[in-house]
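Q: Pasted the sequence and its predicted model underneath.
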Amino acid sequence: MFKLFESHAHPIGIDVGAHAVRFLQFKKGGDASALSLQGACRVELPSLDSAPDAKHRFASALNHALSSGNFAGKSVVLSLPVSAVQSKSVRLPQMPDSDLAQALQWEANDRFGFEVEAPGSTTPSETTKGQLVWFRAGEVRRGTEVKDELLLFAVNGDLLNGYMQTLLDARLRIAGVDIPPCAMYRSLVRAAPNLAIGTAALLDLGHAGAQFCIVRDGDLVFYKHIDIGGKSINEAVAAKLGISPEEAVQMRVRLIADASAMNEAAPLNQALRDAMRAPLEELGRELDMCMRYYVITFRGARPETIAITGRQASCPDVRETLASALGLAVEEAQPLRGVQNLGDAARPDRSGEWAVAAGLSLYKGTNALKTEAAA
């Protein structure tokens, strides 16, 4: 049931993924520092395949959530699918922000293949331009030459406007549009403030792929999207065991949910582990290369732990295989730790998949990282 007026409610975070749309909203808890869950809803996109396109699927998911998720108010914060947000890293001579904005617009127009608004621009353009967000990752030295490495995130203007128009058609107020790395970090650092100190590695392992971030003292210094996710794992299991991907999903879910079944079906569980190993070891190699790049480029310490979020985070076999491949701890993050009144939709044992939506609901007009995104 959607409530128009509700005191102390945060914005509704809307995390649009490749396989599902997650809606989550916090409200103030019993004391000044506490949070309580106002509402949470996950809508599986395959269940909406009758919709003619992605825009209509999103509209159907939105209507379902607002009618059944017990949300309050009209304020929303949106993050787009990873496939919709392009990312690049560039190296430029060090310069003031006032000069950097124009340089980044030229770089983005060339690298992303569509026009973007100048970062920080407040003058609306006559055409629909894309939006650009950037971060200073750090200094890169080569001999006596010093440059800045910058992380760029851009989204096509027509695509962004399509999602925003769907929200406006639903009479919602758009409080912000955020990128998943910022939202994920925001929710995790609330639950584990120690992540803001030193070097932290964050891995969001979703259906279509993985997003890997390294944050140093609150600054985003590395980001990469890797095309290995739950879909790759399920397809590997299906091929190895001679079953359909849908049956592979059901088998994995059943064994994760029932610890006794894990023991009683030891041979089957081992077969699953063996089938999952190839894509997970490949993912481990990719993550290892990312960390090597970070250590060499920024002369930083290699992270000792990876905090993993996403729907795959609850699978012990995923965490254990990655940890073995990398030689470091892989721990399931708990972005809903300490939140009151958690219902079945956001059970603590599966809270990792709500990291981005939770971070969106915590949005306060700027991203949570110390390096301010210019948008």
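A: Happy to help now that I have it.
Q: which stretches of the chain have low pLDDT?
A: By pLDDT under 70, the weakly predicted segments of the chain are 1-7, 32, 49-52, 69, 118-127, 256-265, 345-349, 366-375.
Q: Please report phi then psi for the residue of it positioned farthest from its centre.
A: Distance from the C-alpha centroid of the chain, by Cα atoms, centre = their mean, peaks at Thr144 (37.2 Å). The phi and psi torsions at Thr144 (degrees, to the nearest 10) take the values phi -90, psi 0.
Q: Check the gap between it and Val237 for me.
A: Separation of Thr144 from Val237 (Cβ to Cβ, to the nearest Å): 52 Å. (Glycine included, C-beta is placed from N, CA and C.)
Q: same deal with Cys290?
A: Computed with Cβ to Cβ, the distance linking Cys290 and Val237 is 25 Å.
Q: Looking at the two, which is more packed in?
A: Between Cys290 and Val237, counting by other Cβ atoms under 10 Å, Val237 is the more crowded of the two (23 against 19).
Q: Could you double-check that that one sits in contact with Arg277?
A: No: counting by Cβ atoms under 8 Å, no contact exists between Val237 and Arg277, whose distance comes to 10.3 Å.
Q: tell me the SS of Asp274?
A: The local conformation at Asp274, judged by DSSP: H, G, I helix; E, B strand; the rest coil, is helix.
Q: So what's the residue count around Thr166?
A: Other residues within reach of Thr166 by the criterion other Cβ under 10 Å amount to 18.
Q: Wait, a strand at it?
A: No: with three-state DSSP as the criterion, Thr166 is located in helix rather than a strand.
Q: ok, it - contacts?
A: For Thr166, the contacting residues are 55, 58-59, 62, taking Cβ atoms under 8 Å, 6 or more residues apart in numbering as the criterion.
Q: now do Ala183
A: Ala183 touches 13, 15, 79, 355-360, 362-363, counting by Cβ under 8 Å, 6+ apart.
Q: now it, nearest residue through space, not along the chain?
A: The shortest distance from Ala183 to any residue other than its chain neighbours is 3.2 Å, reached at Gly359 (Cβ to Cβ, 6 or more residues apart in numbering).
Q: How about Ala325?
A: Nearest residue to Ala325, sequence neighbours excluded (Cβ to Cβ, 6+ apart): Gly284, at 3.0 Å.
Q: thought Val133 was touching Pro181?
A: No: in this structure Val133 lies outside contact range of Pro181 using Cβ under 8 Å: 10.0 Å.
Q: between the two, who's got more neighbours?
A: Neighbours were counted for Val133 and for Pro181 using other Cβ under 10 Å; Pro181 has more, 29 against 22.
Q: thought the more buried one was touching Leu220?
A: Yes: taking Cβ under 8 Å as the definition, Pro181 is a contact partner of Leu220 at 6.3 Å.
Q: what do the two both touch?
A: Taking Cβ under 8 Å, 6+ apart as the criterion, Pro181 and Leu220 both touch Cys213.
Q: In stretch 326-343, which residues are buried?
A: Of the residues in stretch 326-343, those buried by neighbour count under the rule 16 or more other Cβ atoms under 10 Å are 326, 328, 330, 332-336, 339.
Q: same question, stretch 193-203
A: By neighbour count, and taking 16+ other Cβ under 10 Å as the criterion, the buried residues in stretch 193-203 are 195-196, 199-203.
Q: So what touches it?
A: Residues from elsewhere that reach stretch 193-203 (Cβ under 8 Å, 6+ apart): 181, 184-185, 188-189, 210-218, 287, 291, 300-303, 305-310, 330, 333.
Q: Filter those residues down to just the ones in helices.
A: Counting by DSSP state H, the part of those found in helices is 181, 184-185, 188-189, 287, 291.
Q: okay, the residues you listed in CSV with distance to Ala72 next?
A: Formatted as CSV, the entries for these read as follows, by distance: Cβ to Cβ, whole Å:
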residue, distance to Ala72
Pro181, 27
Met184, 24
Tyr185, 25
Leu188, 24
Val189, 25
Leu287, 39
Met291, 41
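Q: how far does the helix or strand hosting the residue nearest to Ala325 sit from the chain's center?
A: Of the helices and strands defined by DSSP states H and E, Gly284 is found in helix 266-298. If you compare the mean C-alpha spot of helix 266-298 with that of the full chain, they lie 19 Å apart, counting by Cα atoms, centre = their mean, to the nearest Å.
Q: which helices and strands does that helix pack with?
A: Of the remaining helices and strands, those touching helix 266-298 by 3 or more Cβ pairs under 8 Å, 6 or more residues apart in numbering; DSSP states H and E are strand 131-142, strand 199-205, strand 210-216, strand 219-226, helix 230-241, helix 245-257, helix 316-326.
Q: Nearest to Leu268 among those would be which one?
A: The stretch from those with the least distance to Leu268 (Cβ to Cβ) is helix 245-257; that distance is 7.5 Å.
Q: From Lys231, how far out is Leu283?
A: Leu283 sits 12 Å away from Lys231, going by Cβ to Cβ.
Q: Name the residue in the two with the higher neighbour count.
A: Leu283 (26 against 18).
Q: what sits against that one?
A: Leu283 touches 205, 210, 226, 228, 322, 325, counting by Cβ under 8 Å, 6+ apart.
Q: What of Val215?
A: For Val215, the contacting residues are 185, 195, 199-202, 221, 369, by Cβ under 8 Å, 6+ apart.
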